[in-house]
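Chemist: how does the following fold in three dimensions:
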Amino acid sequence: MLPARRNRLAVGAALGLVALPALALAQQSLLPPTFNDTAPAPEPSNTQSNEQAPDSSATEASRPQRSAAAAEGSAVVESESLTPEELAEVPAPLPPVEIPDASRRDPRLVGAIDPANWGLGSAPWGNANGSFLSGLMRRLDTPLPSRWLHIALRNALLARSEAPPEVNPVDWVAERAWLLLRMGEADAAAMLVAGVDVSDFTPKMTQVAVQSALASADPGALCPLRENMAKVEKRVLPLTDAMCSALTGEATTAASRIEQARRRGPITGIDHVLADKVVGAGADTGRAATVEWDNVEALTAWRFGLSAATGMMPPANLLNRAPARVRAWQARAPMLSAEQRLPSARIATGLGVFSSSALGDLYSTVYDATDPSDLAGTDAWQLRLAFAARDPAERLAAMRRLWGSGDDQLQRLAGEALLSLAASRVRPSAAVDGDAAKLIASLLAGGNEAAAARWAPVLGEISNEAAADQAWALLALGTTAQVDVSASRVEDFIDADTSKDKSRSKLLVAGLAGLGRIDSDTATTLNRSYGLGLGRSSSWTRFMVEAGTRRQPGSALLLAAVGMQAASPERIPSAHVFQALKAMRSAGLESQARLIAAEMLARTARGQ
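Modeler: Presented below is the predicted three-dimensional model:
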């Protein structure tokens, strides 16, 4: 992003992101302890890691060679018959498994999706400083303030592209996977981890892989990591050895190791009991562990991963206090039933981890598994009515009940996303003017811009002024529909705005200006007349502008997430909204920018 080293250090200092001097990675704890997923994120080295990632283009001559006899499998070395001098010349034994050069993967190019297919171009990060971007990732709070920003950033982190300069390529994958885990994206993180050969793992990559295995409720994924874990995760290695022995059918070995860990291991209490339960489930050891949660105060990654892997639900009081990311991990845990996962799936949908169709599929599974006599009044039945009721009024009534379900913003946003397809089946009409804004918000929550734009011709017929204002604002921000975006129309919205400090008006004007829906003169006039603060600048706004100018969509999304961190949209500075949307549009992310702007305005309306 900034070409000279001096400028890079200035960028880091301006944001407080200059890393500490590099330490020996093998001596540094780069991830939260396995039993405390709320600890600070990993600290990478300031420049290239001391342990450089292997070059996958190395020639055959640079790798250990088999002798001709060994290659044929006919040479048997009898050490007793060799002199010490002859023995010294015997080559070291080859590893049990040797990966051919053609099968080795380049750690500099890791990702699960083609960025060009997702509007991210061929190089989402461009030539941005990888160390600087890594620092931003580690300091990013989650959950993000926007569902659509979450979705766009996830795609950028998953994109297959060259690692940026000034960062170890494997550590770059680790940083991306660690941020995805904190966002609740267990499956996406696992895809990135699986894209790097274990032989190329750095200590940081090993620890992220451990966290990924736990978040995915897949203790078997720990087994290939044991050799590397001996250096960075020694405390859990005895339990991991026991579980892996059980999962490979070595019942006697597993029972012996779990008993040794119980007597002499550093891990005790429920953390040992959960590993014992995995051992009992993985092999015929005759063991039956009883898990008691009475004195457990927190649901850590280890406790979640092993309990979910054995199909066990933690107590509701622990689950309800867990971070949103843990609920998102639980929503996709394969050993839990659809009914057990459904409450967490709504949270995952509100975050952006689940799509509207994924949540709808889960409701369908719950519907099929419910006795017909018990369906009445359930959300699954209401969803069926929202789609299939013959009377349009009955469909809308079911949608209102689903919109109103849930106690917080994530739950309500999940309800809007869930009904996106159902909302597209409602014919735009002034007869439903009281629900028009909610229908449009649902359409945009599911990314259905074309269906939302069909409401533009009926805006003038809506008699409810508050609903008409909200519907107009959502269409102006979230679609390219031909609606009135003149200064006078915007002023009418501002004059009618009763939100604290005109927060909704600030979001509207910042969105319209950032998206280019109003020209700079109109934006300047409105900004001065109403004191909206669009012109404020900082180091962040300058970096944001540069990311857009250089067409770095990944950098623009990451910076946008950093600049818009807040508990609610009303608390985001309007200058940050304006610059973030403008930079995203410049970087080729106009559609994503529209959906983010509309979602933030819709969230403020729900808060009123």
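Chemist: CA atoms for contacts and neighbours, from now on please.
Modeler: Will do.
Chemist: how about Val110, phi and psi?
Modeler: phi -130, psi 130 (degrees, to the nearest 10).
Chemist: numbering from 495 from now on, please.
Modeler: New numbering, starting at 495: the last item is Val604.
Chemist: need the per-residue pLDDT for it.
Modeler: We have a pLDDT of 93 for Val604.
Chemist: Arg676 too?
Modeler: Predicted confidence (pLDDT) for Arg676: 97.
Chemist: which residues does Leu686 contact?
Modeler: Contact partners of Leu686, counting by C-alpha atoms under 8 Å, 6 or more residues apart in numbering, are 604-606, 652, 667, 670-671.
Chemist: need these in a markdown table (columns: secondary structure and neighbour count).
Modeler: Converted to a markdown table, the contacts of Leu686 look like this (DSSP: H, G, I helix; E, B strand; the rest coil; neighbours: other C-alpha atoms under 10 Å):
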| residue | secondary structure | neighbour count |
| --- | --- | --- |
| Val604 | strand | 24 |
| Gly605 | coil | 25 |
| Ala606 | coil | 17 |
| Leu652 | helix | 22 |
| Val667 | helix | 27 |
| Arg670 | helix | 24 |
| Ala671 | helix | 29 |
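Chemist: identify, from these, the entry nearest to Ser801.
Modeler: Ser801 has its nearest neighbour among the contacts of Leu686 in Ala671, at 22.4 Å by C-alpha to C-alpha.
Chemist: show me what contacts that closest one?
Modeler: Contacts of Ala671 (C-alpha under 8 Å, 6+ apart): 651, 682-684, 686-687, 702, 706.
Chemist: let's see that with 6 Å instead.
Modeler: Ala683 (C-alpha atoms under 6 Å, 6 or more residues apart in numbering).
Chemist: how close does it get to Arg835?
Modeler: Remark: distance between Ala671 and Arg835 (C-alpha to C-alpha, to the nearest Å) = 23 Å.
Chemist: now swap in Leu1095 and tell me
Modeler: Distance from Leu1095 to Arg835, counting by C-alpha to C-alpha: 30 Å.
Chemist: same question for Gln964.
Modeler: Here Gln964 is placed at a distance of 34 Å from Arg835 (C-alpha to C-alpha).
Chemist: ditto for Arg757
Modeler: Arg757 is 36 Å from Arg835, by C-alpha to C-alpha.
Chemist: so which of the two has more stuff around it?
Modeler: More crowded of Arg757 and Arg835, by other C-alpha atoms under 10 Å: Arg835, with 22 against 11.
Chemist: these two touch, right, the more buried one and Ala825?
Modeler: Yes - with contact defined as C-alpha atoms under 6 Å, Arg835 reaches Ala825; the gap is 4.8 Å.
Chemist: run through who's touching the host helix or strand of Leu968.
Modeler: Using DSSP states H and E, Leu968 sits within helix 959-972. For helix 959-972, the external contacting residues (C-alpha under 6 Å, 6+ apart) are 931, 956, 1088-1089, 1092.
Chemist: by pLDDT, give me the weakest of these.
Modeler: Ile956 (89).
Chemist: for that residue, what are its contacts?
Modeler: Applying C-alpha under 6 Å, 6+ apart, the residues near Ile956 are 924, 927, 962.
Chemist: now, among the residues you listed, which is nearest to Arg676?
Modeler: Closest approach to Arg676 among the contacts of Ile956 (C-alpha to C-alpha): Ala962, at 38.3 Å.
Chemist: going along the chain, name the strands of this protein.
Modeler: Secondary structure of the chain (DSSP state E): strands located at 603-604, 655-656.
Chemist: quick check: Val1039 vs Ala925, distance?
Modeler: Separation of Val1039 from Ala925 (C-alpha to C-alpha) stands at 44 Å.
Chemist: for the two, indicate the residue with more neighbours.
Modeler: It is Val1039, of Val1039 and Ala925, that has more neighbours when counted by other C-alpha under 10 Å, with 19 against 13.
Chemist: just for the stretch 745-894 of the chain, where's the confidence low?
Modeler: For the stretch 745-894 of the chain, the stretches with pLDDT under 70 are 778-780.
Chemist: what does the chain give?
Modeler: Scanning the chain for pLDDT under 70 picks out 495-597, 778-780, 899-901, 1100-1102.
Chemist: now do the buried residues in the top helix by length along it.
Modeler: Identified as the longest helix of the chain according to DSSP state H is helix 1084-1101. By neighbour count on 16 or more other C-alpha atoms under 10 Å, the buried set for helix 1084-1101 is 1084-1098.
Chemist: which residues are in contact with that helix?
Modeler: By C-alpha under 6 Å, 6+ apart, the residues outside helix 1084-1101 that reach it are 642, 968, 971-972, 1005, 1063, 1075.
Chemist: again, but for stretch 875-884
Modeler: Here stretch 875-884 has contacts from 869, 889, 892-893, 916, using C-alpha under 6 Å, 6+ apart.
Chemist: and with 10 Å instead?
Modeler: Applying C-alpha atoms under 10 Å, 6 or more residues apart in numbering, the external contacts of stretch 875-884 come out as 854, 857-858, 860-861, 866, 868-870, 873-874, 885-896, 912-913, 915-920.
Chemist: from those, which would you call buried?
Modeler: Burial by neighbour count, 16+ other C-alpha under 10 Å: within these this picks out 854, 857-858, 860-861, 869, 873-874, 886, 888-890, 892-894, 896, 912-913, 915-918, 920.
Chemist: tally up the residues packed near Leu933, please.
Modeler: Neighbour tally, Leu933, other C-alpha under 10 Å: 28.
Chemist: ok, of the contacts of Ile956, which one's closest to Thr746?
Modeler: Nearest member of these to Thr746, counting by C-alpha to C-alpha, is Asp927, at 69.4 Å.
Chemist: so which of the strands of the chain is nearest Ala715?
Modeler: strand 603-604 (18.7 Å).
Chemist: note down every partner strand of the closest one and its orientation.
Modeler: In the sheet, strand 603-604 lines up against strand 655-656 (antiparallel) (DSSP bridges).
Chemist: check contacts around Ile657.
Modeler: Rather than Ile, residue 657 is Ala. Contacts of Ala657 (C-alpha under 10 Å, 6+ apart): 601-604, 617-624, 663-667.
Chemist: rerun at 7 Å
Modeler: Listed by C-alpha atoms under 7 Å, 6 or more residues apart in numbering, the contact partners of Ala657 are 602-603, 663, 666.
Chemist: now swap in Ala803 and tell me
Modeler: 711-712, 829.
Chemist: right, and Pro618 touches Gln1046 too?
Modeler: Yes - Pro618 sits in contact with Gln1046 when judged by C-alpha atoms under 7 Å, with a separation of 5.3 Å.
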